[in-house]
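Q: prediction below, plus the sequence it came from.
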Amino acid sequence: MRSTNLSPGSSVSPGRRRAGAILALAAGIALAGCGTSTASSGDQPARTPGGGGVRVLWMGDSIAGAQAPALEAALEAGGAAFRNATSDGGGNVVAGDHPVTAKAAEDTWKTLKENLASFRPTVIAYQITSYDWGTAREQLSAYRRLAGAAADAGARLVLVSAPPFKIDDFFAPHEKAIRRAPAMAAKAAGAGFLDASELWGNDYAAGKAQRAEDGIHSCQQGSAAFATWFAKKLGGLTGFAPAAPGDWATGPWTGDERFVKLGCG
């Protein structure tokens, strides 16, 4: 990236440029409103300062994991509690008929049970994973099971569609299931559904999608954009009052090791 001159002979460091870009992006999304809502203002929950007792359990695969540092910073800045329950190379609730996804789903359900007991979330937010490969019936059954587990725990389930990502040779045999999963999630009884395509679009290669060089995960800017969008949506569902991006978007989370591994600048 080119340096931005502040005065003759001075320049902004790469770290400060990155921080400025993250903050500007997050603030822009907050001002834009990130999509429209069908509910009237009278239907919105009252805003509760200090998080209002909101406790978010964040579930998903490594794509959700790359979003977790920013999401944690954003939600905790607003006073909510946050636990990252994502899993690299798994995190799925749909077992399907593949041995890899079946084992990963078994682990996910076991970990969920443990987190429900120890963390006691008020919101379970599950981003559809790149491993939810089952049939339509298997997908719908798994999402409804997750809705039931949330209800039994006294928590609200929010299902979030994944951002568009590169369908490489590994994912290609399962592309049909991957593309069908959001529709099945939207049908899941008792589950709230957020369509993240209003933030990312549907093309992983488009600038709007903000994918890292691997075409799958997000770097700091994309993660901050998602955290800003999700915090606003959470506010509409629970009355949580999101913190301003300036309160969190350039914090220590931007140096998380996962961004280094992704080659993010």
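A: Sure thing, it's come through.
Q: and the strands in the stretch 101-250 of the chain?
A: Under the criterion DSSP state E, counting those that start in this stretch, the stretch 101-250 of the chain carries strands at the ranges 123-127, 156-160, 192-194.
Q: buried deepest among those strands, which one?
A: Neighbour counts averaged per stretch over the strands of the stretch 101-250 of the chain are highest for strand 123-127, at a mean of 27; criterion: mean count of other CB atoms under 10 Å. In this view, the C-beta of every residue, glycine as well, is placed from N, C-alpha and C.
Q: contacts for that strand, please.
A: Around strand 123-127, the neighbours that count as contacts under CB atoms under 8 Å, 6 or more residues apart in numbering are 54-61, 63-64, 67, 93, 112, 146, 149-150, 153, 155-162, 196, 230, 234, 237-238.
Q: again, only using 6 Å
A: Contact partners of strand 123-127, identified using CB atoms under 6 Å, 6 or more residues apart in numbering, comprise 56-60, 64, 150, 155-160, 162.
Q: also stretch 105-120?
A: 57, 83, 85, 91, 92, 93, 95, 153.
Q: contact partners for the fourth one?
A: Contacts were defined as CB under 6 Å, 6+ apart; by that measure residue 91 touches 60, 61, 108, 129.
Q: per-residue pLDDT, residue 238?
A: As summarised for this prediction, residue 238 has a pLDDT of 89.
Q: does it touch residue 54 like I think?
A: Yes. Proximity of residue 238 to residue 54 meets the contact threshold set by CB atoms under 6 Å, at 5.5 Å.
Q: end to end, how far does stretch 197-215 reach?
A: From the first residue to the last, stretch 197-215 extends over 16 Å; the measure is CA to CA, to the nearest Å.
Q: next one: it to chain centre, how far?
A: 14 Å (CA atoms, centre = their mean, to the nearest Å).
Q: any regions of the stretch 51-200 of the chain where pLDDT drops low?
A: Counting by pLDDT under 70, the ranges of the stretch 51-200 of the chain that qualify are 51-52.
Q: thinking again about what came up before, which of the contacts of strand 123-127 sit farthest apart?
A: The span of the contacts of strand 123-127, defined through CB to CB, is set by 155 and 162 at 21.2 Å.
Q: any idea how far residue 157 is from residue 125?
A: Between residue 157 and residue 125 the distance, using CB to CB, to the nearest Å, works out to 8 Å.
Q: one more: residue 165?
A: 19 Å.
Q: residue 82 too?
A: Separation of residue 82 from residue 125 (CB to CB) stands at 10 Å.
Q: surely residue 54 meets residue 80?
A: Yes. With the criterion set as CB under 6 Å, residue 54 and residue 80 qualify as a contacting pair; they are 4.2 Å apart.
Q: anything in contact with each of these two?
A: With CB under 6 Å, 6+ apart applied, the overlap between the contact sets of residue 54 and residue 80 consists of residue 240.
Q: fine by me, we can end here.
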